[in-house]
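A.B. asks: attaching a predicted model along with its sequence, questions to come.
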Amino acid sequence: MKLEPGVAVPLTAPQSQLYEVGGSLTLKALFGLNKYLDIGPSVTLLQLPAEAELTQPGVAWTFGGGVRLKRPHDAPGGSEGSFAISPWAEADALYVRTGVLNRPGFAVAAGLSLPIGETRMFWAGPFVRYLHIIQRHRAGYDNHDAKLLSVGVSLEIGPGREREPIAAAEVRTITQETISCPDRDKDGVPDNVDRCPNVAGPMESWGCPEYKKVVIKRDKLELKEKLYFAWNQATLEEASFPVLDEVAQALKDNPDFRVQIEGHTDSSGAEDHNQTLSEKRAETVLDYLVAHGVAKERLVSKGFSSSVPLDTNNTVTGRENNRRVEFVVNFNILNDGSTK
């Protein structure tokens with residue numbers, strides 16, 4: 001859907017002699033035939049104030065449809081900036097109603113659209129539209145075609161850019177060499193492949209147990225649920241306890257894991273305050289895990305303030321994603337079956 005408010009200017013007589021600069025509003029529904037070409041209906045209202053007090057304002061309605069040629073909205077480039085600009089051009093065939101007259105017409109337009117936000121659902125930018133109303137010969141009427149120009153801002157909402165597909169889980173073929181390696185936990189996953197060699201788990205999760213709220217990745221523990229703190233404080237809320245209880249269990253199941261607990265904030269507020277807050281939140285999580293049976297020497301905490309964002313800090317959702325605690329894992333896989 002596209003909405004185009006603008007300023008309308010009559011270009012030729014008699015309209016330019018009878019009317020002043022007015023306004024226009026165009027609404028279009030566009031359906032993509034492919035990445036470059038859209039089609040759809042449109043409706044436009046123009047109103048021009050009269051120069052003389054006794055003259056009625058000039059009002060025109062147009063109905064029709066046409067095509068738009070554009071640079072694809074999912075073209076490579078940043079979500080903001082010149083590389084994401086989408087130039088476009090349109091042409092419409094129109095039925096025009098002015099007063100008691102029904103007339104044919106056409107319009108051509110061009111503009112630039114820039115995305116608002118990373119999803120590219122919202123676009124905005126300048127446009128210029130030329131409207132030509134064809135006047136067939138009628139006795140008692142001025143038989144010149146009417147020509148008007150509209151300039152304004154085009155506002156568009158659409159489905160947005162397709163998200164990057166989630167990479168398929170990495171699959172490692174177990175060769176005869178890996179099969180001959182030790183398998184401490186007897187789960188069928190050799191120790192030189194098993195990320196959790198001390199506790200049984202399926203090959204699909206690299207030999208680690210399948211926890212409900214925690215996923216063991218190659219380099220970190222990934223939480224399926226967020227941790228919640230009191231607003232602008234380092235106090236954990238009760239909603240975080242079940243997640244951290246499972247983190248503690250995962251660490252107790254895997255004594256080879258050494259974890260760095262990292263606190264991150266968004267960019268709101270002063271940098272020194274954000275640094276202190278991120279450090280204290282990471283320390284709070286460390287203290288919780290120690291209190292629930294994880295050896296303190298296996299843990300270290302660090303605050304990063306807003307220096308490592310996951311998302312934009314320009315939206316509410318982006319800032320929420322950036323406020324987080326991460327668990328970075330270091331561990332050794334032993335091939336000789338010995339334990340630390």
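C.D. replies: Structure received. Everything quoted here is computed from the prediction, not taken from an experiment. Residues are numbered from 1 along each chain as shown.

A.B. asks: got a list of contacts for the strand or helix carrying residue 150?
C.D. replies: In the assignment (DSSP states H and E), residue 150 maps to strand 146-157. Residues outside strand 146-157 that contact it (C-beta atoms under 8 Å, 6 or more residues apart in numbering): 1-12, 15, 24, 26, 46, 98, 111, 113, 121-133, 135. Where you see a C-beta, it was placed from the backbone N, CA and C, and this is true even at glycine.

A.B. asks: just stretch 313-324 next, same as before
C.D. replies: 117-118, 226-227, 264-268, 306, 309-312.

A.B. asks: span of that stretch from start to end?
C.D. replies: 13 Å (C-alpha to C-alpha, to the nearest Å).

A.B. asks: now swap in stretch 244-263 and tell me
C.D. replies: 14 Å.

A.B. asks: mind listing what's buried along that stretch?
C.D. replies: 244, 246-254, 256-257, 259-263 (16 or more other C-beta atoms under 10 Å).

A.B. asks: which ones among those residues lie within helices?
C.D. replies: 244, 246, 247, 248, 249, 250, 251, 252, 253 (DSSP state H).

A.B. asks: excluding residues flanking it in the chain, which one is nearest the fifth one?
C.D. replies: It refers to residue 249. residue 211 (7.3 Å; C-beta to C-beta, 6 or more residues apart in numbering).

A.B. asks: is it fair to say the one you found lies in a strand?
C.D. replies: No: Residue 211 sits outside any strand when classified using DSSP: H, G, I helix; E, B strand; the rest coil, being coil.

A.B. asks: could you pull out the strands in the stretch 1-150 of the chain for me?
C.D. replies: Under the criterion DSSP state E, counting those that start in this stretch, strands of the stretch 1-150 of the chain are mapped to 2-10, 22-28, 31-32, 37-48, 58-70, 86-98, 101-116, 122-133, 146-157.

A.B. asks: buried residues, the fourth one. List them.
C.D. replies: Translated: strand 37-48. Buried residues in strand 37-48 (16+ other C-beta under 10 Å): 38, 40, 42, 44, 46, 48.

A.B. asks: show me the contacts for the third one.
C.D. replies: The neighbours of residue 42, taking C-beta under 8 Å, 6+ apart as the test, are 26, 27, 28, 29, 62, 63, 64, 65, 66, 92, 94.

A.B. asks: just the fifth one next, same as before
C.D. replies: If a contact means C-beta under 8 Å, 6+ apart, then residue 46 has 8, 22, 23, 24, 58, 59, 60, 62, 131, 148, 150 as its contacts.

A.B. asks: make a markdown table from those and add pLDDT to it.
C.D. replies: Shown next, in a markdown table, are the contacts of residue 46 (pLDDT from 0 to 100):
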| residue | pLDDT |
| --- | --- |
| 8 | 94 |
| 22 | 92 |
| 23 | 94 |
| 24 | 94 |
| 58 | 86 |
| 59 | 90 |
| 60 | 91 |
| 62 | 95 |
| 131 | 94 |
| 148 | 93 |
| 150 | 95 |
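
A.B. asks: show me the residue at the heart of this structure, geometrically.
C.D. replies: Central residue of the chain (C-alpha atoms, centre = their mean): residue 119, 2.6 Å from the mean position.

A.B. asks: give me the pLDDT for that one.
C.D. replies: For residue 119, the model assigns a pLDDT of 76.

A.B. asks: and it, how far from residue 311?
C.D. replies: 11 Å (C-beta to C-beta, to the nearest Å).

A.B. asks: residues in contact with stretch 210-220?
C.D. replies: 195-196, 201-202, 205-206, 208, 221-225, 242-243, 246-247, 249-250, 254, 326-329.

A.B. asks: in strands, which of these appear?
C.D. replies: Cross-referencing the contacts of stretch 210-220 against strands under DSSP state E gives 221, 222, 223, 326, 327, 328, 329.

A.B. asks: hmm, residue 111 is touching residue 125, no?
C.D. replies: Yes: counting by C-beta atoms under 8 Å, residue 125 is a contact partner of residue 111 at 5.7 Å.

A.B. asks: residue 129 reaches residue 107, doesn't it?
C.D. replies: Yes: using C-beta under 8 Å, residue 129 makes contact with residue 107 at a distance of 5.8 Å.

A.B. asks: now the element after the longest helix belonging to the chain, going C-ward?
C.D. replies: As assigned by DSSP H, the longest helix anywhere in the chain is helix 271-291. Next helix or strand after helix 271-291 toward the C-terminus (DSSP H and E): strand 299-303.

A.B. asks: could you say what helices and strands that next one packs with?
C.D. replies: strand 258-264, helix 271-291 (3 or more C-beta pairs under 8 Å, 6 or more residues apart in numbering; DSSP states H and E).
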